[in-house]
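K.L.:
Kindly generate the corresponding structure for this input.
(2 chains)
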Amino acid sequence: DTEVTQTPKHLVMGMTNKKSLKCEQHMGHRAMYWYKQKAKKPPELMFVYSYEKLSINESVPSRFSPECPNSSLLNLHLHALQPEDSALYLCASSRQGDYNEQFFGPGTRLTVL
Amino acid sequence: AQSVSQHNHHVILSEAASLELGCNYSYGGTVNLFWYVQYPGQHLQLLLKYFSGDPLVKGIKGFEAEFIKSKFSFNLRKPSVQWSDTAEYFCAVHRTGFQKLVFGTGTRLLVSP
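P.N.:
Next up is the predicted model:
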């Protein structure tokens, strides 16, 4: 299984809502990532988890809260988002070590009204 | 300053034309290099990768890339493009010892039938 799955595919939320994005992989990867991708732009790294511990936070606003409950799951909790947070949110995973080939999920397209 | 540069932002080709997309990076030391493709409405897929060894690497769908260390370049090539190659192409660089994968700004390729 070389797949990273993400749910939901689409999400529309108001600025006062709380929602969560989910990501799952069963490749035994111990590094997982959240990226944000705006239209016609490259993915921007948000967070990296390594062995279920947060290892990189790219100065992401606190309205985004990541969580890694176990080595296969990665969540992104959303609260009080702004319309400019509307984007495609991508999850990826990779083995640990220096080869860092990342496998990407299909993304969640988020619209904040 | 952008550490991974893709100089061609938009490329328009006719079917059967040859393709070369440039990618340059500014990191010293050991790097792993990747080309990802994102077809319209789809997620990022790995086209090819370079870790070590033969600097000419072959990927899926007839793509290849050449790593030229002295030029800090990893250009993507395909001898004859097809309409189905219409997509966004991202070069990405991973520096050994760092967890981040840094993406270039992307090249939007349009192949006309």
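K.L.:
Let me see the contact set for the spatially most central residue of chain A.
P.N.:
Geometric centre of chain A, nearest residue: A:Trp34, 3.0 Å, by Cα atoms, centre = their mean. Contacts for A:Trp34 (Cβ atoms under 8 Å, 6 or more residues apart in numbering or on different chains) come out as A:Cys23, A:Leu45, A:Met46, A:Phe47, A:Pro66, A:Leu74, A:Leu76, A:Tyr89, A:Leu90, A:Cys91. For glycine as for every other residue, the C-beta is placed from the backbone atoms N, C-alpha and C.
K.L.:
Emit the PyMOL select command for whichever of these are buried.
P.N.:
The PyMOL command for the buried members of the contacts of A:Trp34 (criterion: 16 or more other Cβ atoms under 10 Å in any protein chain shown) is given here:
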select buried, chain A and resi 23+45+46+47+66+74+76+89+90+91
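K.L.:
so which two of the contacts of A:Trp34 are the farthest from each other?
P.N.:
Maximum pairwise distance in those, criterion Cβ to Cβ, is 14.4 Å, between A:Cys23 and A:Leu45.
K.L.:
What residues does chain A have near chain B?
P.N.:
A:31, A:33, A:40-43, A:45, A:48, A:50, A:55-56, A:90, A:98-107 (Cβ under 8 Å from any Cβ of the partner chain).
K.L.:
Any quick ChimeraX command for the buried ones out of these?
P.N.:
Buried subset of the residues of chain A next to chain B, written as a ChimeraX selection, criterion 16+ other Cβ under 10 Å:
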select /A:31,33,42,43,45,48,50,56,90,100,101,102,103,104,105,106,107
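K.L.:
Strands - which of the residues of chain A next to chain B land there?
P.N.:
A:Ala31, A:Tyr33, A:Leu45, A:Val48, A:Ser50, A:Ser55, A:Ile56, A:Leu90, A:Phe103, A:Phe104 (DSSP state E).
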